[in-house]
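Just the structure for this:
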Amino acid sequence: MAAATSIVTEASPYIVRTSFTVPQVVTTLADWASKNNIKRVVSLVTDYAPGIDSEKYFNQRFIANGGQVIETLRVPLRNPDFAPFLQRVRDAKPDALFTFVPAGVGSALMKQFSERGLDKAGIRLIAEGSVTDDDIIGSMGDVAVGVVSTHHYSAAHKSAANKKFVDAFGRANGGARPNFMAVGAYDGMRVIYEAAKATKGQGGEPLLNAMKGQVFESPRGPIYIDAQTRDVVQNIYIRRVERVGDQLWNQEIETVTDVKDIGKAR
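Below is the predicted model:
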């Protein structure tokens, strides 16, 4: 319901994913960057499996599209201090900084991005969607406005199913917005429930087989569970942070439909 490292579903035949994979998200971002006058980037990721996936798949796709990755930086997972890394980014003068950090850490990154003056130096920030996660974006301030990211979910997604989900989540959680972790869990519970209902409570292989191939409308949009890979296939959205009234939102500006994990799309 939360894991995003590509190889997770290959570790056991009994794993079914309802979250997303990092390659789904960052290859979509690399394609967008290549089409939007970004030619030179620095990559900065947190040094653990999803960050390494982000670095690998973004860089591969961006270079294949004719772009240049002029420096690759990895930040420690524990007690990260982004300042020295961001100074190296400023000195390198790329068109954009591509970044991935774990959910919840984006506020610190954005604060130091501003303090180091990268925004004033004309360096664009493009990110895997966890960086501007829905539950922290409100604390980022104006430095976040205009940041482009890609992800499979935004609380701003315009659909009846998502409006119902956001409203119900807010009522249950003191007005908080659901984020990508929330929608992954919500859809995961749906997959389990429907499989248990179809198999009348059986476990093991019958339950697993009833999860495979499920197709439904999620608050994130249409998704299905690939019967061969047990992985989620879904829309990936290009989002731009915009101020709407007195709040910041990840507004969807483009949609790429039916995106598979790149490691399983070959």
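
quick one: the strands in the stretch 151-266 of the chain?
Counting by DSSP state E, counting those that start in this stretch, the segments of the stretch 151-266 of the chain that form strands are 215-218, 221-225, 232-244, 247-259.

Can you list the low-confidence ranges for the stretch 151-266 of the chain?
Applying pLDDT under 70 to the stretch 151-266 of the chain flags the ranges 263-266.

can you rerun that using 50?
The model of the stretch 151-266 of the chain has pLDDT under 50 over residues 265-266.

need the longest helix for the chain.
helix 180-198 (DSSP state H).

if we can go back for a sec, could the strands of the stretch 151-266 of the chain be laid out in TSV, adding distance to Ser114 and mean neighbour count?
From N, CA and C alone the C-beta is placed, and that goes for glycine too. What follows is those, written out as TSV (distance: least, CB to CB, whole Å; neighbours: other CB atoms under 10 Å):
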stretch	distance to Ser114	mean neighbour count
strand 215-218	34	14
strand 221-225	32	19
strand 232-244	13	21
strand 247-259	14	16
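
Tabulate these in TSV, adding columns for distance to Val148.
As requested, the strands of the stretch 151-266 of the chain are exported to TSV (distance: least, CB to CB, whole Å):
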stretch	distance to Val148
strand 215-218	23
strand 221-225	19
strand 232-244	5
strand 247-259	8
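
Got the domain ranges for this protein?
In the domain annotation for the chain, the residue ranges read 18-153+232-260, 158-225 (automatic domain parsing).

how far is the longest one from where the chain is centred?
By that I understand domain 18-153+232-260. From the chain centre to the centre of domain 18-153+232-260 is a distance of 9 Å (CA atoms, centre = their mean, to the nearest Å).

Could you tell me the end-to-end distance of it?
Distance across domain 18-153+232-260, first residue to last, is 12 Å (CA to CA, to the nearest Å).

does Arg74 count as helix, strand or coil?
Following DSSP: H, G, I helix; E, B strand; the rest coil, Arg74 is assigned to strand.

For it, name its beta-bridge partners.
On the basis of DSSP bridges, Arg74 is bridged to Val45.

give the contact list for it.
Leu44, Val45, Thr46, Asp47, Gly51, Ile52, Glu55 (CB atoms under 8 Å, 6 or more residues apart in numbering).

Out of those, which comes closest to Ala144?
Leu44 (16.4 Å; CB to CB).

Burial check on the nearest residue to Ala96 once chain neighbours are set aside, number of neighbours?
Closest residue to Ala96 apart from its sequence neighbours, by CB to CB, 6 or more residues apart in numbering: Arg124 at 4.0 Å. Arg124: 19 surrounding residues under other CB atoms under 10 Å.

cool, Phe169 as well?
Based on other CB under 10 Å, the number of other residues close to Phe169 is 19.

Contacts only, for the closest residue to it other than its chain neighbours.
Nearest non-adjacent residue to Phe169, counting by CB to CB, 6+ apart: Pro178, 4.2 Å away. For Pro178, the contact set (CB under 8 Å, 6+ apart) comprises Asp134, Ala155, Phe165, Val166, Phe169, Tyr186, Pro219.

I appreciate the help and will end here.
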